[in-house]
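Novice: sharing a model that was predicted from the sequence below.
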Amino acid sequence: MTRLAAFRTLCVAPRLRVVGTSSYTRYASLVKTRLYTVDTNAKEGQGERELVYQAEVGEAAKYLKLMSVSSFAIAGVASPFIVIFRDNPALVEANVNLSVLGASLLASGLSTFLIHKFFSPFVTKIYLHKSHSTFANEESEHLITPFTKITLETLSLLGMPRYTTLQLRDLLPGDKNLETWIVKSGVNTGKGPKTFWLERRQHKEEVKKMIQVVKDWQSSQGTGGRSV
């Protein structure tokens, strides 16, 4: 019986090893396929947005905001040391006193605030979202409707990109010189701006269509609520 049991073990063991190897191979192949599929979908998703507008002074606005914030931060950090060592002969000779320090901080902070408020609604880039059906033919590729989704890139306080995604029907025509679009009341844009303005220059055909579609849609829908 002992020899028979040993013979059966030798016969069954290779099968177990083969089955285990086969299962591991199928599992590894499945994992590899899933990882490849996810990666492919991610690349395809990135191709669904097209850059249709880029402001010529976008980089200049970014660096201006960075410089204003940096100067204010440097002034804020240096202020305590100036107060502590205000009796230093070098500071006394330079006529640096608390009133001068306060005026400098106020001017730096006010300029930073004004630059941020001025450039907060400034659109640096516009991305046009395209659905899978949009690629059906060449004509539908440039079809702009009130339901067309776009992503507007603006700048945060530190000059970092900030994105707002919405449909053209969520916008109203601006009624001021520095207002191209106004977000309708009730449309959630998170912490993004409620107004947007574009450079007054020759836009691409897609941007011209967007501006016209917003005007036509607003005219057909009547007066809409302005976002505050």
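Specialist: It's in. Residues are numbered from 1 along each chain as shown.
Novice: mind listing what Ser104 touches?
Specialist: By CB atoms under 8 Å, 6 or more residues apart in numbering, Ser104 lies in contact with Ala75. C-beta: built from backbone N, CA, C; applies to glycine.
Novice: return the set of buried residues in the host helix or strand of Thr112.
Specialist: Using DSSP states H and E, Thr112 maps to helix 98-119. Across helix 98-119, burial judged by 16 or more other CB atoms under 10 Å covers 101, 104, 108, 112, 115-116, 119.
Novice: dump these to TSV, plus pLDDT.
Specialist: Formatted as TSV, the buried residues of helix 98-119 follow (pLDDT from 0 to 100):
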residue	pLDDT
Leu101	77
Ser104	81
Ser108	87
Thr112	90
Ile115	92
His116	91
Phe119	91
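Novice: what is the burial count for Ile84?
Specialist: Applying other CB atoms under 10 Å, we find 9 residues neighbouring Ile84.
Novice: do Met160 as well
Specialist: Neighbour number of Met160 under other CB under 10 Å is 10.
Novice: likewise Glu153?
Specialist: Other residues lying near Glu153 total 19 when counted by other CB under 10 Å.
Novice: picking that back up, what strands flank whichever helix or strand comes after the helix holding Thr112, and is each parallel or antiparallel?
Specialist: Going down the chain from helix 98-119, the next helix or strand is strand 125-129, by DSSP H and E. Looking at strand 125-129 with DSSP bridges, its partner strands are strand 49-54 (antiparallel), strand 149-155 (antiparallel).
Novice: how about strand 125-129: buried residues?
Specialist: So for strand 125-129, counting by 16+ other CB under 10 Å, buried means 125-128.
Novice: show me what contacts Lys125?
Specialist: Taking CB under 8 Å, 6+ apart, we find Lys125 in contact with 51, 53-55, 58, 152-153, 161.
Novice: show me where this structure has helices.
Specialist: When assigned using DSSP state H, the helices of the chain occupy the ranges 2-46, 58-84, 89-93, 98-119, 138-141, 205-221.
Novice: now the angle from the fourth one to helix 58-84?
Specialist: Helix 98-119 and helix 58-84 are oriented at 160 degrees to each other (axes from the mean of the first three to the mean of the last three CA atoms, to 10 degrees).
Novice: how is the chain divided into domains?
Specialist: Following automatic domain parsing, the chain resolves into domains at 50-55+121-221, 58-119.
Novice: can you say which of those domains is packed in most?
Specialist: With neighbours taken as mean count of other CB atoms under 10 Å, the domains of the chain reach their highest mean count in domain 50-55+121-221, at a mean of 16.
Novice: let me know the average pLDDT across that domain.
Specialist: For domain 50-55+121-221, mean pLDDT rounds to 86.
Novice: quick check: end-to-end length of it?
Specialist: From its first residue to its last, domain 50-55+121-221 covers 28 Å (CA to CA, to the nearest Å).
Novice: with stretch 157-176 instead?
Specialist: Per CA to CA, stretch 157-176 runs 23 Å from first to last residue.
Novice: stretch 163-173 now?
Specialist: Chord length of stretch 163-173, first to last residue, is 20 Å (CA to CA).
Novice: what's that stretch in contact with?
Specialist: Outside stretch 163-173, the residues that touch it by CB under 8 Å, 6+ apart are 129, 144-154, 180-184, 187, 189-190, 192-193, 196, 210-211, 213-215, 217-218, 224, 226.
Novice: return the distance of the closest residue to Thr124 other than its chain neighbours relative to Leu155.
Specialist: Closest residue in space to Thr124, ignoring its immediate chain neighbours: Gly58 at 3.7 Å, by CB to CB, 6 or more residues apart in numbering. As judged by CB to CB, to the nearest Å, Gly58 and Leu155 stand 8 Å apart.
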